[in-house]
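[1] using only what follows, build the 3D model:
(one chain, ligands or ions: 1)
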Amino acid sequence: MRITVLTLFPEMYHDFLHTSIIGRAVERGLVTVDFVQIRDFAHDNYRHVDDRPFGGGRGQVMKCQPVLDALNSVETENSYSLMMSPLGTVYNQAKAHELSEKDHLILLCGHYEGLDARINKHVDELVSIGDYVLTGGEMASMVIMDSVIRLLKGSITEGSAEEESYENGLLEYPQYTQPADYEGDKVPDILLSGNHARIREWRLEQSILTTKERRPDLYEKHNFTEEEKKVLKKMKKEGLLD
Ligand code: 6GU
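    Numbers count the residues shown, from 1 in each chain. Below you'll find the predicted structure:
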């Protein structure tokens, strides 16, 4: 996969692309990340990429010409372009999977008070990473890159992605490691039992309980599998669930 980031601040990405799982994926060549400095497409002597908003108001707005020239310089037949924007559709794991299938992603990051609204129609999609305000799209684009790159084949251990929170619509079960007794706080006995069928069932129960308690919104819209329905029935019988 290739990812092209259009930004005024490429230096923000350095450590992110050289650390941990993402650093290894880049090193292995699973993804190639390149940057386009939007300011390189400004034509005036001061290399202005922004100007005051028509109609008045605070801050600066990024101009059509440098942004669209930068976008046109990297678009190809196979590219899919996203604008980081609080007006976008809220990002989630399903979108991460969808994007991980693309050949070439273009991530457009605005800064200041945003981009001239006439730019919107030139990208395939607007995405937001949540209901809060950021100073620019760069952090949002890193969130998208992180969640997409880790799904690329060869990036993380096969199978470890499937059991995670959001992958099956439920939150992940609790995980524990050594020691089995931390200052009197003990790991659940079942995990030390070696009974893998029972452990699997316990984990499913925990996923169900955690999701119901912490994310009732996800719980309400979850489509339970046959295995999950069986566990649900048993939990109700045992009074773990009403
Ligand atoms: Cl994608 N961009 C900006 N500037 N702010 C945001 C956002 C994106 N998602 C949430 N807030």
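
[2] helix/strand/coil for residue 84?
    strand (DSSP: H, G, I helix; E, B strand; the rest coil).

[3] might you report the residue contacts of the residue lying closest to it once chain neighbours are set aside?
    Nearest non-adjacent residue to residue 84, counting by C-beta to C-beta, 6 or more residues apart in numbering: residue 137, 2.8 Å away. Backbone N, C-alpha and C define where each C-beta goes, glycine included. By C-beta atoms under 8 Å, 6 or more residues apart in numbering, the contact list for residue 137 reads 7, 83, 84, 85, 107, 108, 109, 110, 111.

[4] quick check: residue 137 vs residue 74, distance?
    16 Å (C-beta to C-beta, to the nearest Å).

[5] of the contacts of residue 137, which are in range of the ligand?
    Among the contacts of residue 137, the residues lying close to the ligand (C-beta under 6 Å from any ligand atom) are 84, 85.

[6] ok, so of the contacts of residue 137, who is nearest the ligand?
    residue 84 (3.5 Å; C-beta to the nearest ligand atom).

[7] tell me how many other residues crowd the closest one.
    30 (other C-beta atoms under 10 Å).

[8] go on, residue 15?
    Residue 15, neighbours per other C-beta under 10 Å, totals 10.

[9] now residue 6
    Residue 6: 26 neighbours (other C-beta under 10 Å).

[10] let's have the contacts of residue 137 in TSV, adding distance to residue 227.
    Formatted as TSV, these follow (distance: C-beta to C-beta, whole Å):
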residue	distance to residue 227
7	45
83	40
84	38
85	39
107	38
108	42
109	42
110	45
111	47
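
[11] done for today, thanks.
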